[in-house]
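Trainee: pasting the sequence and the predicted model now:
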Amino acid sequence: MEKSEPSIVLQSLLKLTRYYLVVWLLLEALTFVWKGYALPANDNFAIEWLMLALLLIVEVSKVHWGVRGNLLQEQKAFRFSLLFSFASLVGYLYFLLWQTYVLRIEATLAIIGVTLTACTIVMSLVGFVNTSKEAA
């Protein structure tokens with residue numbers, strides 16, 4: 001059986017996710033600062049900053065393993081990418097649903113993040129299946 005080629009769609013999604021991460025981090029950090037000054041005291045403020053940092057680490061890991069899995073056609077890398085993608089979904093859902101104060105801009109950013117992550121999961125699954133067929 002001939003070796004499958006890397007997916008241009010998945011690679012484009014991962015590249016877009018890199019750029020989106022920068023925008024998301026900047027806007028989310030600015031909204032956190034604004035909420036710290038403008039809104040009443042929030043007991044979960046430190047937890048929300050921690051979640052921001054954790055989601056950033058998870059997203060960077062997802063992109064790294066996704067690019068590696070796609071370009072090298074490695075099943076292990078696709079597995080890690082999928083694992084981090086599901087963790088990323090939970091993180092975005094936290095910012096969308098479980099935050100103490102959710103601004104409209106944060107809801108929009110979280111929905112975009114969920115959409116990008118869902119598309120990445122679908123394309124990673126396709127890549128994983130293609131490499132599975134090749135290994136069999």
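Mentor: Ah, there it is. Every value quoted in this text rests on a predicted model; they were computed, and no experiment measured them.
Trainee: could you point out which element follows the helix or strand containing Glu59?
Mentor: Secondary structure assignment for Glu59, by DSSP states H and E: helix 45-72. Once the chain leaves helix 45-72, the next helix or strand it forms, by DSSP H and E, is helix 75-93.
Trainee: angle of that next one against helix 45-72?
Mentor: Between the axes of helix 75-93 and helix 45-72, defined by axes from the mean of the first three to the mean of the last three CA atoms, to 10 degrees, the angle is 150 degrees.
Trainee: got the contact list for helix 75-93?
Mentor: If you take CB atoms under 8 Å, 6 or more residues apart in numbering as the criterion, helix 75-93 is touched by 51, 54-55, 58-59, 61-62, 65-66, 68-70, 110, 113-114, 117-118, 120-121, 124-125, 127-128, 131-132, 135. Placement of C-beta: from N, CA and C, glycine included.
Trainee: only whichever of those are buried, select them in PyMOL.
Mentor: Remark: buried members of the contacts of helix 75-93, expressed as a PyMOL selection using 16 or more other CB atoms under 10 Å:
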select buried, resi 51+55+58+59+61+62+65+66+68+69+70+110+113+114+117+120+121+124+127+128+131
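Trainee: the closest residue to Lys62 other than its chain neighbours and Val102: what is the separation?
Mentor: The shortest distance from Lys62 to any non-neighbouring residue, by CB to CB, 6 or more residues apart in numbering, is to Phe84 (3.7 Å). Taking CB to CB, to the nearest Å as the criterion, Phe84 is separated from Val102 by 24 Å.
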